[in-house]
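Visitor: only geometry, no sequence info:
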């Protein structure tokens with residue numbers, strides 16, 4: 001019997017599968033990557049030896065107001081490690097500088113006090129200025145030009161108050177932006193609702209280059225990079241994480257150069273050849289990325305790349321916070337089936353993009369190819385099934401349902417962490 005540990009919420013699901021049923025296992029080489037330094041040392045080294053830029057402490061000299069864009073509670077960036085080091089570097093030669101931490105919520109809900117403390121620690125939350133971006137308040141935005149695709153670029157006006165704008169984040173495969181990190185902290189991170197909706201439009205989502213691991217000719221990435229430059233994002237710190245959410249490498253410096261180095265490493269360790277089968281078992285990487293159905297779509301895309309037409313994708317994801325958005329939910333639930341939803345969403349013009357449409361479009365696309373079963377004991381099954389997804393409380397139950405759909409003794413592809421791999 002083959003034994004597997006599937007990340008699930010804040011723990012794992014341990015499960016055994018008969019050897020003869022395992023078609024193959026797709027894993028990132030992340031776990032094999034041996035860091036030569038501690039997490040703190042990796043971050044400090046990156047900041048003092050940046051790529052294409054002077055060290056952060058030198059860059060901060062003479063500045064009056066520095067804004068640090070930081071990922072929100074839905075991202076596993078270990079800010080309790082990175083942010084204290086960033087703040088220390090900023091104040092090394094400029095102890096009186098004003099620093100604002102701008103939380104890049106994108107179009108997510110605001111982080112709670114508890115989530116901020118879990119992310120940054122009590123000291124930073126108590127002592128630093130933390131601003132929560134709100135994409136829905138037009139008066140909080142400043143106009144920064146026209147995107148290459150023709151949409152208007154509006155971002156948080158705090159960038160106009162800064163004489164130095166920097167960001168922290170992490171790099172992983174992203175299912176339509178190619179990779180996370182870098183420019184993504186601005187768009188969608190601190191962009192206006194109208195700009196995010198335009199950038200995430202149906203035509204871009206359907207573009208063949210808007211896929212995990214793809215930046216070249218990716219229209220979504222192109223707009224994002226333009227946005228970051230227009231906002232004058234000067235310096236980034238991006239980390240690469242392993243399955244335990246530990247830092248294994250850090251990249252700092254120039255927006256494009258440092259991000260490119262990080263993306264190249266992630267591609268090198270995350271890219272895998274597809275193993276096609278009738279059943280795929282995967283996950284969304286555990287907490288905090290498996291908090292809702294919306295985020296869980298990301299892990300499903302790895303299964304989509306391997307499952308046979310009409311097959312079954314089983315994804316272990318707690319979805320403890322439910323759907324992740326009422327609009328997202330309704331875009332599927334209000335249609336009689338996934339096919340109807342997919343057709344409707346594909347036909348939406350960029351100017352008419354609806355909130356959460358992109359995630360619903362990708363989910364509908366997956367559902368038109370295969371059945372999806374979410375394994376969760378923390379989510380109301382009725383909201384899962386209303387979105388044309390099947391539900392199971394356990395992997396045993398999910399595999400039994402899969403057998404009913406595609407037959408017994410079918411080969412199974414295992415992807416323990418669906419968001420950590422780039423399936424070619």
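Guide: That came through fine. Computed from a predicted structure; not experimentally measured.

Visitor: quick one, what contacts residue 210?
Guide: Listed by CB atoms under 8 Å, 6 or more residues apart in numbering, the contact set of residue 210 reads 176, 177, 178, 204, 218, 219, 220. The C-beta positions use only the backbone N, C-alpha and C, and glycine is treated the same way.

Visitor: could I get these as a markdown table with secondary structure?
Guide: Shown next, in a markdown table, are those (DSSP: H, G, I helix; E, B strand; the rest coil):
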| residue | secondary structure |
| --- | --- |
| 176 | coil |
| 177 | coil |
| 178 | strand |
| 204 | helix |
| 218 | coil |
| 219 | helix |
| 220 | helix |
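
Visitor: What is the nearest of those residues to residue 148?
Guide: Residue 148 lies nearest to residue 219 out of these, by CB to CB, at 8.0 Å.

Visitor: And that closest one, how far from residue 335?
Guide: To residue 335, residue 219 is 26 Å away according to CB to CB, to the nearest Å.

Visitor: How about residue 101?
Guide: 40 Å.

Visitor: and these two? which has more neighbours close in?
Guide: More crowded of residue 101 and residue 335, by other CB atoms under 10 Å: residue 101, with 23 against 19.

Visitor: Check which helix or strand the closest residue in space to the more buried one that isn't next to it in sequence maps to.
Guide: Distances taken as CB to CB, 6 or more residues apart in numbering place residue 130 nearest to residue 101, at 4.7 Å, with adjacent residues excluded. Following DSSP states H and E, one finds residue 130 within strand 129-132.

Visitor: Provide the strand pairings for that strand, with the direction of each partner.
Guide: strand 98-104 (parallel) (DSSP bridges).

Visitor: The following helix or strand past the strand it pairs with packs against which elements?
Guide: Using DSSP H and E, the helix or strand that follows strand 98-104 in sequence is helix 113-120. If you count contacts as 3 or more CB pairs under 8 Å, 6 or more residues apart in numbering; DSSP states H and E, helix 113-120 packs onto helix 79-90, helix 122-127.

Visitor: Show me what the last one is packed up against.
Guide: Counting contacts by 3+ CB pairs under 8 Å, 6+ apart, the secondary-structure elements packed against helix 122-127 are helix 79-90, helix 113-120.

Visitor: Go again with 6 Å.
Guide: The helices and strands touching helix 122-127, judged by 3 or more CB pairs under 6 Å, 6 or more residues apart in numbering; DSSP states H and E, number zero.

Visitor: Out of the contacts of residue 210, the closest to residue 298 would be?
Guide: The closest of these, once distances to residue 298 are taken by CB to CB, is residue 176, at 9.3 Å.

Visitor: Tell me who's in contact with that closest one.
Guide: Residue 176 makes contact with 205, 210, 220 under the criterion CB atoms under 6 Å, 6 or more residues apart in numbering.

Visitor: Against residue 406, how distant is the nearest residue to it once chain neighbours are set aside?
Guide: In this structure, residue 176 finds its nearest non-sequential neighbour in residue 210, 4.4 Å apart by CB to CB, 6+ apart. The spacing between residue 210 and residue 406, counted by CB to CB, is 29 Å.

Visitor: that older thread, got CSV for the helices and strands packed on helix 113-120, with mean neighbour count and mean pLDDT too?
Guide: Formatted as CSV, the helices and strands packed on helix 113-120 follow (neighbours: other CB atoms under 10 Å; pLDDT from 0 to 100):
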stretch, mean neighbour count, mean pLDDT
helix 79-90, 21, 98
helix 122-127, 12, 98
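
Visitor: show me where pLDDT drops low in the stretch 301-424 of the chain?
Guide: Of all residues in the stretch 301-424 of the chain, none has pLDDT under 70.

Visitor: This protein - how does it break down into domains?
Guide: Per the record, the chain has its domains at 2-26+274-423, 32-269, by automatic domain parsing.
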